[in-house]
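[1] Generate a structure from the sequence data that follows.
(chains A and B)
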Amino acid sequence: MTEKLQEETDKRRKATIFVISGDLEKLFAAFSIAIGAATCNIEVKMFFTFWGLRALKKNVHTGESLFARMLGILESGDINKANPGKYKFLGLGRWMFKKMVKEKNVTGLAELRQLAINLGVELYSCDTTMEVMEIPKEKLIDKVADPVGVGWLIEQSLQSDFIYSL
Amino acid sequence: MEEDIKIDLELDLRGLRCPLPMVRVSENITLVPVGGIVRAVTTDVGSLADITSWANTTGNEIVKKERVGKEIVFLIKRRR
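    Coordinates of the predicted model:
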């Protein structure tokens, strides 16, 4: 190995993964990329906003006001209730997809998230989305860091060697 | 020749799918000393590229990789 590469690998590289979608396939991709990067000794931070918050939610009801409660019902459930972006068919698509994933011995979404956490991937949530949708920190899984905003995201992005957006 | 290389650790990763083969190699490489050899067997076709890229990225070395039927056999040297 050249000295240059040695030097580069000594300085830990960084990645930011921006997740705005709560679609099954995008969450699969987001966590797979995070795991791959973490495995390559890259420091990974994942930022979840809007529908992406599903990936961090506990399986609990959310929302206090009428609209937020309605949204909480429409978007009920945790990561296991993520629907594919296509062929939703009232949950049938999700059921079928999960079955296919399992039959092919591919790791499930919730397990991928846990693996990412175990590998040291850091999870961050968008404070404004949490405010608007009335999803307080207690309703997110314990491993999520304190809420952050766009200023934080910009700083992390500038420090990152690469960024993925899903 | 593979027979001449001392294997420090055997990893049976058959049946695992992306991203697990790479994750398991990464988790276990530190079990051998620097300079040590891990022999990993996978069946995931993507791992052929994945584990190679992992080695390139982390500064480890693929001493050998070959397809034996449906299996892919890697000899990976821990370099750091």
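
[2] Could you use CA atoms for every contact and neighbour count after this?
    Fine.

[3] which intervals of chain A have sub-threshold pLDDT?
    A:1-10 (pLDDT under 70).

[4] Could I get the full set of strands for it?
    With DSSP state E as the criterion, chain A has strands at A:14-19, A:43-48, A:122-125, A:162-165.

[5] do the same with chain B
    Remark: strands assigned in chain B by DSSP E are B:9-13, B:37-42, B:61-68, B:71-77.

[6] So which of those strands is nearest chain A?
    Among these, strand B:61-68 comes nearest to chain A, with 8.8 Å by CA to the nearest CA.

[7] one step back: return the most buried member of the strands of chain A.
    Mean neighbours per residue, mean count of other CA atoms under 10 Å in any protein chain shown, is largest over those for strand A:43-48, with a mean of 24.

[8] what's that one in contact with?
    Taking contacts as CA atoms under 8 Å, 6 or more residues apart in numbering or on different chains, the residues outside strand A:43-48 that touch it are A:12-20, A:34, A:37-38, A:55-56, A:120-126, A:153.

[9] Then stretch A:18-34?
    Residues outside stretch A:18-34 that contact it (CA under 8 Å, 6+ apart): A:17, A:44, A:46-55, A:82-85, A:94, A:109, A:112-113, A:116, A:121, A:163-166, B:19.

[10] and among the strands of chain B, the most buried is which?
    strand B:37-42 (a mean of 23).

[11] helices or strands next to that one in the packing?
    For strand B:37-42, the elements it packs on are strand B:9-13, strand B:71-77, judged by 3 or more CA pairs under 8 Å, 6 or more residues apart in numbering or on different chains; DSSP states H and E.

[12] Mind listing the strands it pairs with, and their directions?
    When sheet partners are counted by DSSP bridges, strand B:37-42 sits next to strand B:9-13 (parallel), strand B:71-77 (antiparallel).

[13] Let me have these in JSON lines, adding mean pLDDT as columns.
    Formatted as JSON lines, these follow (pLDDT from 0 to 100):
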{"stretch": "strand B:9-13", "mean pLDDT": "96"}
{"stretch": "strand B:71-77", "mean pLDDT": "96"}
